[in-house]
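Visitor: structure for this input, please:
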Amino acid sequence: MVVKAAMTVNGGAARDLLRNLEEINNIFEVKFACLNILPEQEKIIENLGIEILVPEKQWISKGGLWNELSAGQERSASKSWLDHAPIHEAMKWADAIHLTGGNGSMEFPKFVNPNTPMHLHYLEAKPGIHDNISHYNPNGGGRWRAFVMHLLQIYQRRRIEKSFSLFNNNNKWIVSANSAFSAENLHNIYRIKGDVLYPSVDLAEFSRKETIGEVSELEKISGLKGKNYVVTVGRISWFKGIYEAVDHLAGNNLDLVLIGGGTSEENSNLKKYAEKHDIRLTILSGISSEAMRAVIRRAKAVIGLAHGEAFGLTPIEAMAIGTPPIFVNEGGYRETVVNNKNGMLLKRGDYASWKLAFELIDDPSVREKWANEGLLQIEKMGLTPKNHAQRLFGIVNPLILEAEVSNRVAKED
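Guide: So this is what the prediction gives:
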């Protein structure tokens, strides 16, 4: 049984899980359980012939100060799992459970029989619990808030840490991180040692060949035709470095396209900030995969300035398409981007180096070299859905076999 609580955010974790499900379903008989899901996601999974277990009244992941102080998000997710009767039946059916982290997911393990093998795909710590950056304003202000919030989050932090402790105390339950960087954080924060199970990119979806659908989607987006722009992806937050993307583009005669965005107020504030730096900003929210590919394909580069990004799907999606990836030399980006070979890894705030990088990719031979090396890097690391599913089988199957032996011995006794 494959489990992920929150799908409606539709971020990198949900995208990665959806693209891997078909290959996982080719190896295992799969049921998919979640607390919320988008109609288009539901359609994808149903077309794979996979049964979806989702509550009739879908869970809403609420934020806000009170939820932070009272662990309201965790408690409401716990109640949704508890009341979700079909999943309790499915747990009896399952030989093993593959749980993907994220909002609400860590409230699930306490309902699982300790003798049922379970694998957790750890993505990152819950934002704001063990870091300061998630508490900053999108423009980097309000830094005083982090100290105060950490003092007030004691109950929430303990609750989350207790959920992870279940994996430390059960040899039938194991954890894999989505990068070596995440694995290090997993050990530092929760004292759990985990291997690495990398995400993937579907080379059939993110191919070098432009589709008719992409052309059609691009025509619906006004203001990009003939423009010299770079793309960054993510919600408007200091963690994702969106304001810093504007800073690093200033003076380079480049437009910025943000795939993601935020609230109306956050979008408006960011546009004003971009205007102050003479940068034309386009924000694209809730766009299709085809539209995303079309925008990336026509971009001069894809850039990223996130703080401590666990892995980062965007660099490998850019590599797959053949668009130069230029990212900060931090976090999980360092595991896929090889500096001046398939992209650039640059120091945050070194504006001169960023300017040189933007000038460098004007050279078609550099773009071609990086594009070729990008595909080789994806192949070298095995970042495809098929390899992901096979690696997952290698992790989960020994747990299943061990459980079968234990059950057989118990019956004989």
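Visitor: and the helices in the stretch 201-350 of the chain?
Guide: Here the stretch 201-350 of the chain has its helices, by DSSP state H, counting those that start in this stretch, at 212-220, 242-249, 264-276, 289-297, 313-321.
Visitor: quick one: which of those helices is nearest residue 49?
Guide: helix 289-297 (20.9 Å; C-beta to C-beta). In this view, the C-beta of every residue, glycine as well, is placed from N, C-alpha and C.
Visitor: so what secondary structure elements neighbour that closest one?
Guide: Secondary-structure packing of helix 289-297 (3 or more C-beta pairs under 8 Å, 6 or more residues apart in numbering; DSSP states H and E): helix 212-220, strand 255-261, helix 313-321.
Visitor: helix or strand for residue 198, which one?
Guide: Following DSSP states H and E, one finds residue 198 outside all helices and strands.
Visitor: isn't it up against residue 312?
Guide: No - here residue 198 does not reach residue 312: they are 11.0 Å apart, not a contact under C-beta atoms under 8 Å.
Visitor: between these two, which one's more packed in?
Guide: Ranked by neighbour count (other C-beta atoms under 10 Å), residue 198 and residue 312 place residue 312 first, with 26 against 22.
Visitor: contacts only, for the more buried one.
Guide: 12, 304, 306, 327, 331-333, 336 (C-beta atoms under 8 Å, 6 or more residues apart in numbering).
Visitor: one more: residue 245?
Guide: Residue 245 neighbours (C-beta under 8 Å, 6+ apart): 232, 256, 258, 303-305.
Visitor: so what's it closest to, chain neighbours aside?
Guide: Once flanking residues are discounted, residue 245 sits nearest to residue 232: 4.6 Å by C-beta to C-beta, 6 or more residues apart in numbering.
Visitor: so how far is residue 295 from that neighbour?
Guide: Plainly put, residue 232 is 11 Å away from residue 295 if you go by C-beta to C-beta, to the nearest Å.
Visitor: find residues that contact each of those two.
Guide: Common neighbours of residue 232 and residue 295 (C-beta under 8 Å, 6+ apart) are 257, 259.
Visitor: pick out whichever of these two has more residues nearby.
Guide: residue 232 (27 against 24).
Visitor: now do the contacts for that one.
Guide: Contacts of residue 232 were listed using C-beta under 8 Å, 6+ apart, and they are 240-242, 245, 256-259, 302-305.
Visitor: swap in residue 303?
Guide: 230-232, 245, 248-249, 325-327.
Visitor: so which of those comes closest to residue 389?
Guide: Among the contacts of residue 303, and counting by C-beta to C-beta, the member closest to residue 389 is residue 325, at 25.1 Å.
Visitor: can you pull the pLDDT of that closest one?
Guide: Predicted confidence (pLDDT) for residue 325: 98.
Visitor: okay, and the beta partners of it?
Guide: residue 302 (DSSP bridges).
Visitor: where are the low-confidence patches of the protein?
Guide: 65-66, 69, 413 (pLDDT under 70).
Visitor: domains of it: list them as residue ranges, please.
Guide: 2-200+384-412, 212-381 (automatic domain parsing).
Visitor: grab the nearest non-local neighbour of residue 187.
Guide: In space, and not counting its chain neighbours, residue 187 is closest to residue 193: 5.6 Å by C-beta to C-beta, 6+ apart.
Visitor: what kind of secondary structure is the one you found in?
Guide: coil (DSSP: H, G, I helix; E, B strand; the rest coil).
Visitor: that one: neighbour count?
Guide: Neighbour number of residue 193 under other C-beta under 10 Å is 12.
Visitor: so what's it up against?
Guide: Residue 193 touches 183, 186-187, counting by C-beta under 8 Å, 6+ apart.
Visitor: top of those residues by neighbour count?
Guide: residue 186 (25 neighbours).
Visitor: ok so it is a helix residue?
Guide: Yes - according to three-state DSSP, residue 186 belongs to a helix.
Visitor: so it makes contact with residue 177?
Guide: Yes - assessed by C-beta under 8 Å, residue 186 is found in contact with residue 177 at 5.2 Å.
Visitor: residues shared between the contacts of those two?
Guide: 122, 194.
Visitor: dump the residue contacts of residue 321.
Guide: Contacts of residue 321 (C-beta under 8 Å, 6+ apart): 206-208, 293, 296-297.
Visitor: looking at the helices and strands packed on helix 289-297, which is closest to residue 68?
Guide: Nearest of the helices and strands packed on helix 289-297 (C-beta to C-beta): strand 255-261, 22.5 Å.
Visitor: helices and strands around that closest one, which ones?
Guide: strand 229-235, helix 242-249, helix 264-276, strand 281-284, helix 289-297.
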